[in-house]
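[1] fold the following and give me the result.
(chains A, B, C and D)
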2 protein chains.
Amino acid sequence: MSLRHKSTPARAEHAPLQLEHFLPYRLSILSNTISQTIADDYQSRHDLSVTEWRVMAVLARFEGLSAREVAERTAMDKVAVSRALARLVAAGRVDRTVHDNDKRRSVLKLSAAGWAIHDDVAPMARAREREVLAKLDAEERQWLERILDKLLA
Amino acid sequence: MSLRHKSTPARAEHAPLQLEHFLPYRLSILSNTISQTIADDYQSRHDLSVTEWRVMAVLARFEGLSAREVAERTAMDKVAVSRALARLVAAGRVDRTVHDNDKRRSVLKLSAAGWAIHDDVAPMARAREREVLAKLDAEERQWLERILDKLLA
DNA sequence: TGCAATTGGTTTCATTTGTAACTATAACGA
DNA sequence: TCGTTATAGTTACAAATGAAACCAATTGCA
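    You can find the predicted model right below:
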């Protein structure tokens, strides 16, 4: 039997995972790194959380959504959306009215202040995305698109 | 000027992000979905959090690491590692001793109980990874590896 | 109608997480 | 050798998150 040293690579009989080659782990690191880099840009400038920004981003694209529809499109749960909206409305960044034909539903739109923030943050976010993609050549970028399409389908 | 309807796709002058084509967003969805699927497997069976599992996984590969080294290898911060270790040690899944030459450092190893859990969870995690990769053909898998290598470099 | 079931959304409470401060040991330099 | 600085790890407190209970409006249907 061999001597055991500090941080011995563990024994074959246990078949430990190699995190550095394990897809879920690598994706998690990559995703967190990128999201955090973008968040760093706007959190200090606008006192905006990631969930709030996501809500604003979908309201920028689809005006008049209800909270539930925002939740669908952001893949966030409705409690998180409700809380983000409470802060956004309180900060005057989102206007909330009641739906004409269904008083349970809210009708959500960015306010002028909300649009101003959006128009500041969206280009920064896009620039960060470009920075990431700049590490790849055109062929790799195409494959990445295709692969993500398949994995997310 | 055109009529405005419910959830109008917002105006060109604001150039809103299209989340469904925005890389950081798509990566986040993919990563969370995969990690959660794996976590569902072991959380109920072993009452194990994601952070605890990550700590166990690196200790399976590198026996005798210190808490700081675990933090490095898991890309978690030291507080998260400290808390995960507190639970793992309390549950008898990790053995913690003090380093001979530096009394600040801990020396961490999976216990027999820890190895038993590892040997149950690791194959499940690998199986889930295979399920994900099964959505891709061999060529796509090679590109994905290459792309992740570049983006994580 | 009228009443049960559903839906949109909020609140409450427990747990998790992040940040900063803290303790203890070790390393470094005058 | 003493005092300063750095490092390993934990603790304390605040903020974020998740699950379940909850309220109000709507729908479905006997």
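
[2] quick one: is the helix ranked longest in chain A near chain B?
    What stands out as the longest helix in chain A, according to DSSP state H, is helix A:23-46. Yes - shown here: helix A:23-46 in contact with chain B (Cβ under 8 Å from any Cβ of the partner chain) through A:23-32, A:34-35, A:38. Heads up, the C-betas are built off the backbone N, CA and C, glycines and all.

[3] among those residues, which one lies nearest to A:G64?
    For the residues of helix A:23-46 next to chain B, the residue nearest A:G64 by Cβ to Cβ is A:I38; the value is 26.1 Å.

[4] element containing the residue lying closest to that closest one once chain neighbours are set aside, please.
    Among residues not flanking A:I38 along the chain, A:R128 sits closest, at 4.8 Å (Cβ to Cβ, 6 or more residues apart in numbering or on different chains). Element membership for A:R128 (DSSP states H and E) is helix A:112-133.

[5] only the buried residues of that helix, if you could.
    The neighbour-count check on helix A:112-133 (16 or more other Cβ atoms under 10 Å in any protein chain shown) flags A:G114, A:W115, A:I117, A:H118, A:V121, A:A122, A:A125, A:R128, A:E129, A:V132 as buried.

[6] just to revisit the earlier point, dump the residues of helix A:23-46 next to chain B into JSON lines; add distance to B:K103 and pLDDT as well.
    Output for the residues of helix A:23-46 next to chain B, formatted as JSON lines (distance: Cβ to Cβ, whole Å; pLDDT from 0 to 100):
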{"residue": "A:L23", "distance to B:K103": "39", "pLDDT": "94"}
{"residue": "A:P24", "distance to B:K103": "36", "pLDDT": "93"}
{"residue": "A:Y25", "distance to B:K103": "32", "pLDDT": "91"}
{"residue": "A:R26", "distance to B:K103": "35", "pLDDT": "93"}
{"residue": "A:L27", "distance to B:K103": "38", "pLDDT": "93"}
{"residue": "A:S28", "distance to B:K103": "34", "pLDDT": "91"}
{"residue": "A:I29", "distance to B:K103": "32", "pLDDT": "90"}
{"residue": "A:L30", "distance to B:K103": "37", "pLDDT": "92"}
{"residue": "A:S31", "distance to B:K103": "38", "pLDDT": "91"}
{"residue": "A:N32", "distance to B:K103": "34", "pLDDT": "88"}
{"residue": "A:I34", "distance to B:K103": "39", "pLDDT": "91"}
{"residue": "A:S35", "distance to B:K103": "39", "pLDDT": "89"}
{"residue": "A:I38", "distance to B:K103": "42", "pLDDT": "90"}
